[in-house]
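1. return a 3D structure for these sequence lines:
(one chain, ligands or ions: 1)
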Amino acid sequence: MTINRVGVVGAGQMGNGIAHVFALSGFDVLVTDTNPEALDACPVVVGRNLDRQVARGTIPAEAREAALSRIRTTPDLADLGGLDLVIEAATERESVKSAIFEALVPHCAAETILATNTSSISITRLASRTDRPDRFMGIHFMNPVPVMQLVELIRGIATSQETYAAVLSVVERLGKTAATAEDFPAFIVNRILIPMINEAVYTLHEGVGTVASIDTSLKLGANHPMGPLELADFIGLDTCLAIMTVLHDGLADTKYRPCPLLVKYVEAGWLGRKTGRGFYDYRGDGPPVPTR
Ligand code: NAD
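-> Next up, the predicted model:
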């Protein structure tokens, strides 16, 4: 089972990062998104991120051109059907993801492996919406994809050993390290990370600390490279809330209840860096300004 042609559904921060690392490792990549602006921006965003790697000396300038030449975009999801592997990286909402797989499956070749980059949703349940639960699994990249070494691999109950082995060899070709997680809500990284972020938002909500004091505390007191609220803005507050909700619903334990302040930020459309404002305001020219 050789994988050379990869499709990516969703040209958001994760989809662009996934396209970037695959193209840089020699795979042909076809990206789709329902938002034409996001799709048009894909090569521009990837190009800018590749520029950064060239400037840092992580990759040679020729690699940038070669990678960009391997990325194509299409508004038509059906065009991804004939590829070897399709990774869905659309919005973290089960109805969105299910609809994508249901629309894609009729166009898929028999051998196509389907994968999702979901941070938290059941792989087994998403797989059941397709005609190939044995050729379906979770490939969970971390943000930013070109920088982060880990890829979590999650098998659904029906995922075959061949599918797992093929995907594992792809991760190795990308030069990344795989960790295997069982198919439980939010898997490993987010089962631990997102409740910590949610607790940081409670700490803010209850007035125990300010945005600045909470982030400083975890950076200098626990040696975290980013504070939890800064990290939440980086991930996207809608994604953080979606993952907390999956944990709360899936594990039925009140310790996972999403903080009402996190809900309020999402209701306001203050989703973090991607919308210019979250726990920090990024819209000025200077350093980000705490919003509380
Ligand atoms: P994002 O909001 O930046 O991008 C989502 C993209 O999906 C948007 O461009 C949107 O237009 C597109 N989209 C929505 N519906 C679509 C459809 N039906 N067909 C095609 N495209 C569609 O979100 P993101 O941060 O890139 O997250 C994407 C996925 O990756 C989510 O499942 C998320 O949980 C997961 N993830 C996110 C992070 C993170 O730190 N942000 C980390 C790991 C995994």
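2. from Thr58, how far off is Ile188?
-> Applying Cβ to Cβ, to the nearest Å, the value for Ile188 to Thr58 is 27 Å. In short, each C-beta sits where N, CA and C put it, glycine included.
3. quick one: which of these two has more around it?
-> Between Ile188 and Thr58, counting by other Cβ atoms under 10 Å, Ile188 is the more crowded of the two (16 against 13).
4. I figured that one hits Leu153, correct?
-> No - counting by Cβ atoms under 8 Å, Ile188 does not reach Leu153; the two are 10.6 Å apart.
5. what do the two both touch?
-> Residues touching both Ile188 and Leu153 (Cβ atoms under 8 Å, 6 or more residues apart in numbering): 179, 181.
6. what about the strands in the stretch 51-200 of the chain?
-> Applying DSSP state E, counting those that start in this stretch to the stretch 51-200 of the chain gives strands spanning 71-73, 85-88, 113-116, 136-141, 150-155, 177-181.
7. give the helix, strand or coil label for Val6.
-> Three-state assignment for Val6 (DSSP: H, G, I helix; E, B strand; the rest coil): strand.
8. bridging residues for it?
-> Val29, Leu85 (DSSP bridges).
9. for the helix or strand hosting Glu37, buried residues please.
-> If you go by DSSP states H and E, Glu37 is part of helix 36-56. Going by neighbour count (16 or more other Cβ atoms under 10 Å), the buried part of helix 36-56 is 38-39, 41-43, 45-47, 49-50, 53.
10. what does stretch 89-98 contact?
-> 8-10, 12, 14-15, 18, 33, 88, 100, 116-121, 125-126, 129, 141, 238-239, 242-243.
11. how is the protein divided into domains?
-> The record's domain parsing of the chain by automatic domain parsing lists 5-181, 192-290.
12. what is the neighbour count of the nearest residue to Gly82 once chain neighbours are set aside?
-> Among residues not flanking Gly82 along the chain, Ala109 sits closest, at 5.2 Å (Cβ to Cβ, 6 or more residues apart in numbering). Neighbours of Ala109 under the rule other Cβ under 10 Å: 9.
13. repeat for Ala252
-> By the criterion of other Cβ under 10 Å, Ala252 has 9 neighbours.
14. model confidence score at the nearest residue to Cys42 once chain neighbours are set aside, please.
-> Of all residues not flanking Cys42 in the chain, Ala11 sits nearest, at 4.3 Å (Cβ to Cβ, 6+ apart). On the pLDDT scale, Ala11 is placed at 98.
15. surely Ala11 touches Ile71?
-> No - counting by Cβ under 8 Å, Ala11 does not reach Ile71; the two are 10.2 Å apart.
16. and for the two, which residues touch both?
-> 19, 31, 42.
17. residues of the stretch 1-150 of the chain that sit close to the ligand?
-> Contacts of the stretch 1-150 of the chain with the ligand, taken as Cβ under 6 Å from any ligand atom, map to 9-15, 32-35, 38, 89-92, 96, 100, 117-119, 140-143.
18. same thing but 8 Å
-> Proximity of the stretch 1-150 of the chain to the ligand (Cβ under 8 Å from any ligand atom) is limited to residues 9-17, 32-35, 38, 77, 88-92, 96-97, 99-100, 116-121, 140-143.
19. now the helices: where do they sit in the stretch 51-200 of the chain?
-> Applying DSSP state H, counting those that start in this stretch to the stretch 51-200 of the chain gives helices spanning 61-69, 94-104, 123-127, 161-173, 189-205.
20. for these, give me CSV that also has mean neighbour count and mean pLDDT.
-> Shown next, in CSV, are the helices of the stretch 51-200 of the chain (neighbours: other Cβ atoms under 10 Å; pLDDT from 0 to 100):
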stretch, mean neighbour count, mean pLDDT
helix 61-69, 15, 97
helix 94-104, 17, 97
helix 123-127, 22, 97
helix 161-173, 17, 97
helix 189-205, 20, 97
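21. do you know the pLDDT at Thr2?
-> 87.
22. excluding its backbone neighbours, what's nearest it?
-> Nearest to Thr2 is Asp84, by Cβ to Cβ, 6+ apart, at 7.2 Å.
23. isn't the one you found right up against Arg5?
-> Yes - shown here, Asp84 and Arg5 form a contact pair, counting by Cβ under 8 Å, at 5.0 Å.
24. for Asp76, the count of nearby residues, please.
-> Neighbours of Asp76 under the rule other Cβ under 10 Å: 10.
25. what of Arg292?
-> 15.
26. which residues touch it?
-> Applying Cβ under 8 Å, 6+ apart to Arg292 gives the contacts 204, 210-211, 279.
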